[in-house]
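Engineer: how does the following fold in three dimensions:
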Amino acid sequence: MFKKHNPYNKFLTLAFASIFLMSLGFLTHNAFADQVVATIPLGTWPTGIGVNPNTNMIYVPANAYTSKIGPVIVINSTTNSIVSEITVGVNTQGVGVNPNTNLIYVSNADSKLAVIDGSTNNLINQISLGSYPVGVGVNPNTNLIYVSATHFNNDNSTFPVIDGSTNSVISRITVGNYPHGVGVNPNTNLIYVANYGYSGTDKTVSVINGTTNTVVATIQVGSGPLGVAVNPNTNIIYVTNSHDNTISVINGTTNSVVNTISVGSFPIDIGVNYNTNKVYALNAESNSVSIIDGTTNSVVNTISVGSLPVAITVNPVTNMIYVGSSNDKSVYVIDGSLNAPTVPKSPTNLSAIAISSSQINLSWNIPVSNGGSPVTGYMIERSTDNGSTWSTIVSNTGSVSTTYSNTGLVHSTTYTYRVSAINSFGTGTSSNSASAITFNTVPTSPTGLSATATSTSQINLSWKSPSDNGGSPVTGYMIERSTDNGSTWSTIVSNTGSVSTTYSNTGLSAGTSYTYRVSAINSVGVGSPSSTASATTPLLSVGGIPVTPPVSPHF
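Structural biologist: Numbers count the residues shown, from 1 in each chain. Next comes the predicted model:
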């Protein structure tokens, strides 16, 4: 659980000698996410890192490369200052911490495991292992220490189990070839070992029962597995696949890979904050840390951590993360509390623009912080009383698009909007409000049109004004006439220029049928026509009164 190691193993000397890993230079930054808040210079190359969350002390195995006699540098993480340097052996590698006993275990290339008393910072024992040790894991509940070790001369890999009470090897377990990272779940008493194999060919994780000290499962992962981290709260195990640039996510109940997450280049080590359920994957070639939301198994941020980072550890009590960077000979301190996963911040710069009498287009900027989990959509609310009451018109857009078109609106109406971002933790606070007024439109149709012949040459029209003027006063009417019962129309008055709802059509031919329709006009334009009405002028009139002559009798 509280372990850290240097997963390079046989590649470590090559890395120090040639300094071949270069930055790829494509990191992204989020000013509101986990941030590097301090850099602690060491003066030597860190090869591993561990923390005692009870004492808040950091332990950094390092190599003074000229002599290859590596000290363990002790850092007070409250002050970020070095308080001690302890010489333990040649080419110090991994480190494990038992917070209950305050003992620190450091693997050395001289086939020994150094035991340090954290109270006095003194080396109190060297346990002979008989093989080249790398990763170190500790179960503080059972006080057993687990070391990944390899015999390079014959490729046989053993896994020494050490009793922390007697500092003696009590078991040796055969695992895969070239084991590296070690992760311990103290709740289930299961131990997980990443087997790198020759040139990354093993691609497995050995699962060890800590009660029987036997391998109970072998899990296939990606290529070049190196680092292992365990979240005991969720029983999820994370493995860095250095050749695939991925993280394998393992369900500890089923011993199956349930997800694969793409991260930076050459992920070498990994840490978990089980309080925030955030995972920190250390990418050696990218010189970065990929921050993973353990709930969604998605990368929520990537931050730079110097040149050739080799080891990472997490203090779940203080929510601080520590990264050992070899080329910089430093430890980078990341404050994880700056981005404990939560709902997103508010979207900004919401604007509303009416583009017609029935549509308003919205646009906004993404939140300045996604809360540590990607935004997956937006909730859109609308008000027609200037924000006194709100209704949700879209509960979740289901898209990261920052535009939306609200259609089917009423003309000449003020609509007010606000937008909230959504991520896996819920819906964030709303944006600023923005209002727009839909355009005026043409009037609706006049109603009740009637046509009455008053002479052989005149028909009088009357109608009722439209029920809706389109948001702009009616200023006149267009009158159309047809002499073929509405098959074709001619405009006899393009605009009456009056709000009067009557009109006399004169100069007509006697004995002719005329059909009419009327359309209202406002500042926007001409509306749709009314229903039609027809009348027929008489053949003659007597005293101004139209009459129809009798039909001649036939003999």
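
Engineer: CA atoms for contacts and neighbours, from now on please.
Structural biologist: Noted.

Engineer: could you measure from the residue sitting nearest the centre point of the chain over to L350?
Structural biologist: When C-alpha atoms, centre = their mean is applied to the chain, the residue found nearest the centroid is P374 (0.9 Å). From P374 over to L350 the distance is 20 Å, taken as C-alpha to C-alpha, to the nearest Å.

Engineer: do the same with N122
Structural biologist: N122 is 61 Å from L350, by C-alpha to C-alpha.

Engineer: which of the two has more residues huddled nearby?
Structural biologist: Using other C-alpha atoms under 10 Å, the more surrounded residue of N122 and L350 is L350, with 20 against 15.

Engineer: pretty sure the more buried one sits in a helix.
Structural biologist: No - secondary structure assignment (DSSP: H, G, I helix; E, B strand; the rest coil) places L350 in strand, not in a helix.

Engineer: just the pLDDT for it.
Structural biologist: L350 carries a pLDDT value of 97.

Engineer: so which helix or strand takes in the closest residue to it other than its chain neighbours?
Structural biologist: Leaving aside its chain neighbours, L350 sits nearest to W364 (4.2 Å; criterion: C-alpha to C-alpha, 6 or more residues apart in numbering). Element membership of W364 [criterion: DSSP states H and E] is strand 360-365.

Engineer: what strands line up against that strand, and which way round?
Structural biologist: Take DSSP bridges as the rule and strand 360-365 pairs in its sheet with strand 348-354 (antiparallel), strand 403-406 (antiparallel).

Engineer: which of the ones you listed sits most buried?
Structural biologist: Mean neighbours per residue, mean count of other C-alpha atoms under 10 Å, is largest over the strands paired with strand 360-365 for strand 348-354, with a mean of 19.

Engineer: pull that one out as PDB, backbone CA atoms only.
Structural biologist: Extracted C-alpha coordinates of strand 348-354, given in PDB (Å, rounded to 0.1, in the frame of the first residue of the first chain):
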ATOM      1  CA  THR A 348     -18.700  31.900 -19.100                       C
ATOM      2  CA  ASN A 349     -19.600  34.600 -21.600                       C
ATOM      3  CA  LEU A 350     -23.100  33.300 -22.400                       C
ATOM      4  CA  SER A 351     -24.700  35.200 -25.300                       C
ATOM      5  CA  ALA A 352     -28.100  35.000 -26.800                       C
ATOM      6  CA  ILE A 353     -28.900  36.300 -30.300                       C
ATOM      7  CA  ALA A 354     -32.300  36.300 -32.000                       C
END
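
Engineer: so A533 bridges to which residues?
Structural biologist: Y516.

Engineer: per-residue pLDDT, it?
Structural biologist: 97.

Engineer: following element in sequence after the lowest-mean-pLDDT helix or strand in the chain, please.
Structural biologist: Every helix and strand of the chain was ranked by mean pLDDT, DSSP states H and E. The lowest is helix 12-18, at a mean of 36. Per DSSP H and E, the first helix or strand lying C-terminal to helix 12-18 is strand 35-41.

Engineer: elements contacting the next helix or strand along the chain from that following strand?
Structural biologist: Proceeding N to C from strand 35-41, the next assigned helix or strand is strand 45-46, under DSSP H and E. If contacts are counted by 3 or more C-alpha pairs under 8 Å, 6 or more residues apart in numbering; DSSP states H and E, strand 45-46 sits against strand 57-63, strand 320-325, strand 330-335.

Engineer: gap between strand 45-46 and the chain center?
Structural biologist: Offset of strand 45-46 from its chain centre (C-alpha atoms, centre = their mean, to the nearest Å): 34 Å.

Engineer: so what touches that strand?
Structural biologist: Applying C-alpha atoms under 8 Å, 6 or more residues apart in numbering, the external contacts of strand 45-46 come out as 60-65, 310-311, 324-331.

Engineer: try it again at 7 Å.
Structural biologist: Outside strand 45-46, the residues that touch it by C-alpha atoms under 7 Å, 6 or more residues apart in numbering are V60, P61, A62, N63, A64, G324, S325, S326, K329.

Engineer: now swap in stretch 198-207 and tell me
Structural biologist: 175-178, 190-196, 215-225.

Engineer: may I see the buried residues of that stretch?
Structural biologist: G200, T201, D202, K203, T204, V205, S206, V207 (16 or more other C-alpha atoms under 10 Å).

Engineer: among these, name the ones in strands.
Structural biologist: T204, V205, S206, V207 (DSSP state E).

Engineer: extract the C-alpha set from stretch 176-184 and format it as PDB.
Structural biologist: Provided in PDB are the C-alpha atoms of stretch 176-184 (Å, rounded to 0.1, in the frame of the first residue of the first chain):
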ATOM      1  CA  GLY A 176       7.100 -14.000 -13.800                       C
ATOM      2  CA  ASN A 177      10.400 -12.900 -15.400                       C
ATOM      3  CA  TYR A 178      12.000  -9.600 -14.300                       C
ATOM      4  CA  PRO A 179       9.400  -8.600 -11.800                       C
ATOM      5  CA  HIS A 180       9.300  -4.900 -11.100                       C
ATOM      6  CA  GLY A 181       6.400  -3.000  -9.400                       C
ATOM      7  CA  VAL A 182       4.800  -4.300  -6.200                       C
ATOM      8  CA  GLY A 183       1.300  -3.300  -5.000                       C
ATOM      9  CA  VAL A 184      -0.400  -4.400  -1.800                       C
END
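
Engineer: what's the mean pLDDT across the strand holding W364?
Structural biologist: 98.

Engineer: and what of stretch 53-62?
Structural biologist: The model assigns stretch 53-62 a mean pLDDT of 93.

Engineer: so what touches the strand holding W364?
Structural biologist: By C-alpha under 7 Å, 6+ apart, strand 360-365 touches 347-354, 402-407, 438.

Engineer: returning to what we had before: can you lay out the strands paired with strand 360-365 as CSV showing distance to Y274?
Structural biologist: Output for these, formatted as CSV (distance: least, C-alpha to C-alpha, whole Å):
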stretch, distance to Y274
strand 348-354, 32
strand 403-406, 37
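
Engineer: looking at those strands, spot the one closest to G89.
Structural biologist: strand 348-354 (56.5 Å; C-alpha to C-alpha).

Engineer: for the stretch 451-555 of the chain, what spans make up the strands?
Structural biologist: Here the stretch 451-555 of the chain has its strands, by DSSP state E, counting those that start in this stretch, at 458-464, 476-482, 490-493, 502-505, 513-521, 533-536, 540-542, 545-547.
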